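Engineer: how would this look folded up:
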Amino acid sequence: MRCPYCSNPDSRVVDSREARDGAEIRRRRECAACGRRFTTYERVEEAPASVVKRDGRRETFDREKLLAGLLTACEKRPVPRGKLEHIADLVEADISSRGDREMSSEEIGNLVIEQLRDLDQVAYVRFASVYRRFEDVNQFMQELKKLLLKREMES
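Structural biologist: Have a look, this model is predicted:
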């Protein structure tokens with residue numbers, strides 16, 4: 001493994017442990033040249049999953065793209081990054097569990113929206129406004145009314 005600090009290709013593993021419920025292995029490494037330590041993660045390489053877009057195009061599922069959208073929706077909100085990574089893990093696991101390893105962007109959006117609704121309502125509305133392509137204030141108000149109605153029913 002190449003050192004990220006000095007680019008030396010020689011390093012040794014100092015510690016290994018499971019991460020993400022056994023789906024990954026976290027390794028602490030030490031560079032043989034500069035002595036600095038760094039962390040690497042290993043996971044099983046699988047056939048790429050696909051997302052079917054609204055217009056019928058297929059794209060390779062990109063966990064980082066999903067996580068970036070979640071981070072944007074939760075910007076300046078008290079939502080830990082770990083919770084957002086958990087949502088991305090759920091989506092990734094859902095796609096992986098399918099025989100064809102394919103999921104529509106609509107299904108992904110609905111899954112994310114359900115998770116965000118319970119996590120942070122402001123982030124939920126932000127994500128929903130982009131995902132559902134709100135065109136005007138009335139669409140915002142309809143979504144907020146649904147959210148308030150759900151809150152009243154739960155209490």
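Engineer: dig out what E42 forms beta bridges with.
Structural biologist: With DSSP bridges applied, E42 shows beta-bridge pairing to I25.
Engineer: check contacts around it.
Structural biologist: Contacts for E42 were tallied using CB atoms under 8 Å, 6 or more residues apart in numbering; they are 24-25, 27. Placement of C-beta: from N, CA and C, glycine included.
Engineer: what of T60?
Structural biologist: When the contact criterion is CB under 8 Å, 6+ apart, the partners of T60 are 48-51.
Engineer: helix or strand for the residue nearest to the spatial centre of the chain, which one?
Structural biologist: In the chain, the C-alpha closest to the average C-alpha coordinate belongs to A88, at a distance of 2.6 Å (CA atoms, centre = their mean). Assigned by DSSP states H and E, A88 falls within helix 81-96.
Engineer: ok, residues contacting the helix or strand bottoming out on mean pLDDT in the chain?
Structural biologist: Using mean pLDDT, DSSP states H and E, the weakest-scoring helix or strand in the chain turns out to be helix 137-154, at a mean of 76. Residues lying outside helix 137-154 but in contact with it, judged by CB under 8 Å, 6+ apart, are 117, 121, 124-125, 128-129, 132, 134.
Engineer: the same query, at a cut-off of 7 Å, please.
Structural biologist: If you take CB atoms under 7 Å, 6 or more residues apart in numbering as the criterion, helix 137-154 is touched by 121, 125, 128-129, 134.
Engineer: can you list the buried residues in that helix?
Structural biologist: The neighbour-count criterion (16 or more other CB atoms under 10 Å) identifies E143 as the buried residues of helix 137-154.
Engineer: now the helix or strand harbouring L116: buried residues?
Structural biologist: Mapping L116 onto the secondary structure by DSSP H and E places it in helix 105-119. Taking 16+ other CB under 10 Å as the basis for neighbour counts, the residues of helix 105-119 that come out buried are 107-109, 111-113, 115-117, 119.
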